[in-house]
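Engineer: Sequence first, predicted model second:
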Amino acid sequence: MVLKAEQVSKYYIRPNGVANCFEAVKPCDLTLAGGSVSVLMGRSGSGKTTLLTMLSGLLRPSHGRVLLDEKDIYALADRELSRLRCTHFAVIPQGTGAVSALSVLENILLPFSLIGRTADEKTVLSVMEKLGISHLASAQPGELSGGELRRMAIARALCVKPDFIFADEPTADLDDENSRVVLELLRNAADEGAAVLIVSHEAEAARYGDRLYKMNAGQIMIP
């Protein structure tokens, strides 16, 4: 599967002031294909997360199209778009996205319930083991550190084996060893056929990518 952004942009209108239009992402093109890791780097506030959110079907662009195998995802009805996201996309957000009423394991298995699939227990346990959170399966999110919550969110995205993984600062809150493990797992997911987009401001992430992009003041470029 191929995901394409065609002249996608996002702007916000401020209610007051002379400069009442803020352009978070200037018109840009980007293609994500299975089997590859794309790394998007830039400072905080450069528009990286806004672009990722549009690509992942969570934020409608102001202009342009996001095409999944030539079908405009934002032309779909809300229910269809939600189903598409659940079936093909996985997002690792900057926050944890944890459901506080569920255990760690239940949080990781939640996407399977949403798409009506049975989890591969071996895969789930293997990913949790690699991320060092297998002993936390029955713990509640409120009992976890920031780094443990981040690794739980990463496990949730990886275990469902989506076609596209959108990782927004996936190594934030992690030490060097856990950062290496996470980046290797994302690289492995691409090697197994997924299209992976890593948004990061850490130079180490670039070593795991097939394509490197930079973003500055809402403009995307190839360095």
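Structural biologist: On my side now, so go ahead.

Engineer: Look up phi and psi at the spatially most central residue of the chain.
Structural biologist: Geometric centre of the chain, nearest residue: residue 166, 2.1 Å, by CA atoms, centre = their mean. Dihedral pair for residue 166: phi -110, psi 110, per degrees, to the nearest 10.

Engineer: who are the neighbours in contact with it?
Structural biologist: By CB atoms under 8 Å, 6 or more residues apart in numbering, the contact set of residue 166 is 52, 55, 56, 89, 90, 91, 92, 197, 199. The way it works is simple: take the backbone N, C-alpha and C, and place the C-beta from them, glycine included.

Engineer: Quick check: the fifth one touching residue 168?
Structural biologist: No. The pair formed by residue 90 and residue 168 falls short of the contact definition of CB atoms under 8 Å, at 11.6 Å.

Engineer: Which one's more surrounded, those two?
Structural biologist: Each of residue 90 and residue 168 has its neighbours counted (other CB atoms under 10 Å); residue 90 has more, 25 against 21.

Engineer: Give the next helix or strand downstream of the helix or strand harbouring that one.
Structural biologist: Assigned by DSSP states H and E, residue 90 belongs to strand 89-92. As assigned by DSSP H and E, the chain's next helix or strand after strand 89-92 is helix 104-115.

Engineer: Does anything pack onto that next one? Which helices or strands?
Structural biologist: Applying 3 or more CB pairs under 8 Å, 6 or more residues apart in numbering; DSSP states H and E, we find helix 104-115 packed against helix 78-88, helix 121-130, helix 146-159.

Engineer: What residues does the closest residue to residue 64 other than its chain neighbours make contact with?
Structural biologist: Excluding its sequence neighbours, the residue lying closest to residue 64 (CB to CB, 6 or more residues apart in numbering) is residue 8, at 3.6 Å. Listed by CB under 8 Å, 6+ apart, the contact partners of residue 8 are 25, 27-30, 51, 54-55, 61, 63-66.

Engineer: Need the buried ones from the contacts of residue 166 selected in PyMOL.
Structural biologist: Buried subset of the contacts of residue 166, written as a PyMOL selection, criterion 16 or more other CB atoms under 10 Å:
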select buried, resi 52+55+56+89+90+91+92+197+199
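
Engineer: for the contacts of residue 166, which one is nearest residue 111?
Structural biologist: residue 90 (7.1 Å; CB to CB).

Engineer: quick one: contacts for that closest one?
Structural biologist: Contacts of residue 90 by CB under 8 Å, 6+ apart are 111, 156, 157, 158, 160, 162, 164, 165, 166.

Engineer: re earlier: which of the contacts of residue 8 are buried?
Structural biologist: 25, 27, 28, 30, 51, 54, 55, 61, 64, 65, 66.

Engineer: who touches the longest helix along the chain?
Structural biologist: Longest helix in the chain by number of residues, with DSSP state H as the criterion: helix 176-191. Here helix 176-191 makes contact (CB under 8 Å, 6+ apart) with 34-37, 127, 130-132, 147, 151, 154, 158, 161, 165, 167, 170-171, 174, 196, 198, 202, 204-205, 207-208, 210.

Engineer: chain center to it: distance?
Structural biologist: Centroid displacement of helix 176-191 relative to its chain, using CA atoms, centre = their mean, to the nearest Å, is 14 Å.

Engineer: and the angle from that helix to helix 146-159?
Structural biologist: 10 degrees (axes from the mean of the first three to the mean of the last three CA atoms, to 10 degrees).

Engineer: Buried residues, helix 176-191. List them.
Structural biologist: By neighbour count with 16+ other CB under 10 Å, helix 176-191 contains the buried residues 178, 179, 181, 182, 183, 185, 186, 187, 189, 190.
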